[in-house]
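model this:
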Amino acid sequence: MMRSLFGGRRRSVFGPGRELGQYRADLVERTARIDARLVELADDIDALRRRAIEPEEAVERLTVHEELLDKEAEGLREMLAPEDLHGLHMEYEANLERALRGLVTVERGCAITRLPHRPPEDEEPFTYYKRGHGNVNHARLRMAEIAEVLIKWEPGKPAEATVAARMQRDRP
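Next up is the predicted model:
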């Protein structure tokens, strides 16, 4: 009786490369959508900080952003990253969660403005807006750095998104 060399399964010469290509394609698409949404979110929070929009209007916009980012986060969790990229993929997800926490912080600031006995000159909501805006922007910047590494990664190379690794890559 002749046994198959690969345990009865057909092996594709292009299997891992195809999986990596599919991961990259999905990641490029998803990260572009997420980044665009985070830019819009940061702009809306900044408008709220500058008093260009009212908290009621901001809450409506924030709700839309939150729903769409939640869907993207769910899609990220369902993606199958190559084993060497699991850590960075998880860090990208964690930073998206950080951006969502920033959004929730801004929503709390908006809720404070609706308190019945709040003095009109109270600056507390603006502290929440500032903190939330910082979280969204810092998470977005880190996510862009991680996404670049995830997309450009080649098998056999280290998957690092540190300052030292970036400096090493940028050297001529």
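
what's the mean pLDDT across the host helix or strand of residue 62?
Per DSSP states H and E: residue 62 is located in helix 55-78. For helix 55-78, the mean pLDDT works out to 95.

just how off-centre is it within its chain?
12 Å (CA atoms, centre = their mean, to the nearest Å).

need the contact partners of that helix.
30, 33-34, 37-38, 40-41, 44-45, 47-48, 53, 89, 92-93, 96-97, 99-100, 103-104, 106-107, 109-110, 113-114, 125 (CB atoms under 8 Å, 6 or more residues apart in numbering). Glycine gets a C-beta too; all of them are placed from N, C-alpha and C.

for it, which positions count as buried?
55, 58-59, 61-62, 65-66, 69, 72-73, 76 (16 or more other CB atoms under 10 Å).

other SSEs contacting the longest helix that the chain contains?
For the chain, the helix reaching the highest residue count under DSSP state H is reported as helix 15-49. Other helices and strands packing on helix 15-49, by 3 or more CB pairs under 8 Å, 6 or more residues apart in numbering; DSSP states H and E, are helix 55-78, helix 86-112, helix 124-152.

and if we set it to 6 Å?
Helix 15-49 is packed against helix 55-78, helix 124-152, with contacts defined by 3 or more CB pairs under 6 Å, 6 or more residues apart in numbering; DSSP states H and E.

just want the angle from the longest one to helix 15-49.
On the basis of axes from the mean of the first three to the mean of the last three CA atoms, to 10 degrees, helix 124-152 is oriented at 160 degrees to helix 15-49.

report the mean confidence score over helix 124-152.
If you average the pLDDT values across helix 124-152, you get 94.

so how far is it off the chain centroid?
8 Å.

number of nearby residues for the closest residue to residue 39 other than its chain neighbours?
Closest residue to residue 39 apart from its sequence neighbours, by CB to CB, 6 or more residues apart in numbering: residue 140 at 7.4 Å. By other CB atoms under 10 Å, the residues close to residue 140 number 22.

related to what we said a few turns ago, which among the contacts of helix 55-78 end up buried?
30, 34, 37-38, 41, 44-45, 47-48, 53, 89, 92-93, 96, 99-100, 103, 106-107, 109-110, 113, 125.

now the angle from the helix holding residue 62 to helix 86-112?
160 degrees.

contacts only, for the spatially most central residue of the chain.
Centroid-nearest residue in the chain, with CA atoms, centre = their mean: residue 96, separated by 3.4 Å. The neighbourhood of residue 96, defined by CB atoms under 6 Å, 6 or more residues apart in numbering, consists of residue 73.
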